[in-house]
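In: mind looking at a prediction? Sequence and model below.
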Amino acid sequence: MSDSLDARIRDEIDDQVAEAFDAYLADRIAEPGPLRAALATKRNAKVVLGTIALGVLATALAPTDVTVVCWIWGAIASINVTFLLAARRR
């Protein structure tokens, strides 16, 4: 009897945690962020999407060394974040 009660309580707690997590994610997705704001303006979107396209090309042409690819995408990420933060201040 005790084991079945424990199992039901655990299932109920799991369901409640899953529902709370879903609600949290829905709230977070609804919040505007710098990337969503940048994509709303065409000029900023072109810069961000252009750097990503260059990153794909650079990744295709890069040597098979994982470190080089990580440096490429790290540089792209920092360029995009810097650009988006600067565009947000305007």
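Out: Structure's in. What do you need? This one's a predicted model, so the numbers in the text were calculated from it and none came from an experiment.
In: hey, let's count contacts and neighbours off CA atoms from now on
Out: Fine.
In: next SSE downstream of the helix or strand of the chain with the lowest mean pLDDT?
Out: Least confident helix or strand of the chain, by mean pLDDT, DSSP states H and E, is helix 34-40 with a mean of 61. Sequence-wise, the next helix or strand downstream of helix 34-40 (DSSP states H and E) is helix 42-61.
In: how far does that following helix sit from the chain's center?
Out: Here helix 42-61 is found 16 Å from its chain centre; the criterion is CA atoms, centre = their mean, to the nearest Å.
In: one more: stretch 60-69?
Out: That offset, for stretch 60-69, works out to 23 Å (CA atoms, centre = their mean).
In: any buried residues in that stretch, and which?
Out: residue 69 (16 or more other CA atoms under 10 Å).
In: endpoints of it, how far apart?
Out: Distance between the boundary residues of stretch 60-69 (CA to CA, to the nearest Å) amounts to 9 Å.
In: oh, and call the first residue 40 from now on, that's how I've got it
Out: New numbering, starting at 40: the last item is stretch 99-108.
In: contacting residues around that stretch?
Out: Contacts to stretch 99-108, defined as CA atoms under 8 Å, 6 or more residues apart in numbering, come from residues residue 98.
In: give the residue spans of this structure that score low on pLDDT.
Out: For the chain, the stretches with pLDDT under 70 are 40-44, 72-83, 127-129.
In: walk me through the domains of it.
Out: Structural domains annotated on the chain: 40-70, 72-129, as defined by automatic domain parsing.
In: so which of those is the most packed in?
Out: domain 72-129 (a mean of 14; mean count of other CA atoms under 10 Å).
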